[in-house]
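Student: next input, structure requested:
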Amino acid sequence: MSNPNQTRAFERLVRPHFDRLYRLAWRLTGAKAEAEDLFQELLIKAFGQLDDLVTKDAPGAWLCRVMYNLFLDEQRRFARRRMLTVEEGQLAGDGIAGLAGPDDPAYDHGRYETIMQLDAALAQLSDEHRIVVLLHDTEGYKMSEIQELTGLPVGTIKSRLHRARGRLREILTENGTIS
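Tutor: Predicted coordinates:
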């Protein structure tokens with residue numbers, strides 16, 4: 001059982017990172033329910049390691065690393081899981097922040113279609129390539145942050161990012177999204 005001081009310390013260290021952590025969870029899992037489960041699993045694990053968390057200079061980076069490792073563990077346990085694709089019809093229901101649905105007056109059909117095609121293309125990438133694109137290009141993590149998060153050398157990250165972008169370009173060109 002935790003005491004009130006532990007709870008306050010935990011909240012002070014973790015709350016400022018909630019938005020970024022949840023976005024990362026959503027990007028890793030591709031689904032709202034799975035993202036919420038991963039986020040909750042992170043909070044439980046982090047609270048159990050509060051003594052370690054308190055000593056970290058960059059608790060946000062440490063929390064991201066723990067979340068990433070939890071995600072990888074989940075991937076290994078339940079075999080390979082892909083992000084939901086457009087064909088499965090789940091993405092619109094889970095919602096992408098800032099993206100209106102067809103019933104919304106602010107709905108922009110062209111933008112919506114482009115995002116859906118990009119998501120479908122991302123789903124075709126290997127997990128290793130998709131994660132570096134999502135972390136760097138979508139979430140804005142720096143190479144050093146991705147290195148800390150994944151444990152990969154910066155050269156490997158750059159190589160994967162380059163290959164992933166090339167493969168995305170290929171997929172989007174084949175589908176007629178870009179010319």
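Student: which residue packs closest to residue 43, ignoring adjacent ones?
Tutor: residue 14 (7.0 Å; Cβ to Cβ, 6 or more residues apart in numbering). No exception for glycine: its C-beta is placed from N, CA and C like everyone else's.
Student: look up how far residue 59 lies from that neighbour.
Tutor: 7 Å (Cβ to Cβ, to the nearest Å).
Student: can you check residue 39 too?
Tutor: 15 Å.
Student: which one is residue 117 nearest to, not counting chain neighbours?
Tutor: residue 177 is the one closest to residue 117 (Cβ to Cβ, 6+ apart), at 4.7 Å.
Student: specify the local secondary structure of that neighbour.
Tutor: coil (DSSP: H, G, I helix; E, B strand; the rest coil).
Student: phi, psi of it?
Tutor: Residue 177 adopts backbone torsions of phi -70, psi -40, taken as degrees, to the nearest 10.
Student: contact partners for it?
Tutor: Contact partners of residue 177, counting by Cβ atoms under 8 Å, 6 or more residues apart in numbering, are 114, 117-118, 121.
Student: can you tell me which of the residues you listed has the most neighbours?
Tutor: residue 121 (23 neighbours; other Cβ atoms under 10 Å).
Student: so where's the protein uncertain?
Tutor: 1-2, 76-112, 179 (pLDDT under 70).
Student: and the residue nearest to residue 43, helix, strand or coil?
Tutor: Classified using three-state DSSP, residue 14 is helix.
Student: tally of neighbours for it?
Tutor: A total of 19 residues lie near residue 14 under the criterion other Cβ under 10 Å.
Student: distance of it from residue 122?
Tutor: The value you get for residue 14 to residue 122, if Cβ to Cβ is used, is 28 Å.
Student: got it, and residue 170?
Tutor: 13 Å.
Student: quick one: which of the two has more around it?
Tutor: residue 122 (23 against 12).
Student: show me what the helix or strand containing that one is packed against.
Tutor: Secondary structure assignment for residue 122, by DSSP states H and E: helix 109-123. With contacts taken as 3 or more Cβ pairs under 8 Å, 6 or more residues apart in numbering; DSSP states H and E, helix 109-123 sits against helix 91-94, helix 127-133, helix 154-174.
Student: roughly how far is it from the heart of the chain?
Tutor: 17 Å (Cα atoms, centre = their mean, to the nearest Å).
Student: okay, that helix in CSV with CA atoms only?
Tutor: Output in CSV follows, covering the C-alpha atoms of helix 109-123 (Å, rounded to 0.1, in the frame of the first residue of the first chain):
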residue,chain,number,x,y,z
HIS,A,109,-12.3,14.6,-47.3
GLY,A,110,-8.9,15.0,-49.0
ARG,A,111,-7.0,15.4,-45.8
TYR,A,112,-8.9,12.4,-44.3
GLU,A,113,-8.1,10.2,-47.3
THR,A,114,-4.4,11.2,-47.3
ILE,A,115,-4.1,10.4,-43.6
MET,A,116,-5.9,7.0,-44.0
GLN,A,117,-3.6,6.1,-47.0
LEU,A,118,-0.5,7.1,-45.0
ASP,A,119,-1.7,5.0,-42.1
ALA,A,120,-2.3,2.0,-44.4
ALA,A,121,1.2,2.5,-45.8
LEU,A,122,2.7,2.7,-42.3
ALA,A,123,1.0,-0.6,-41.4
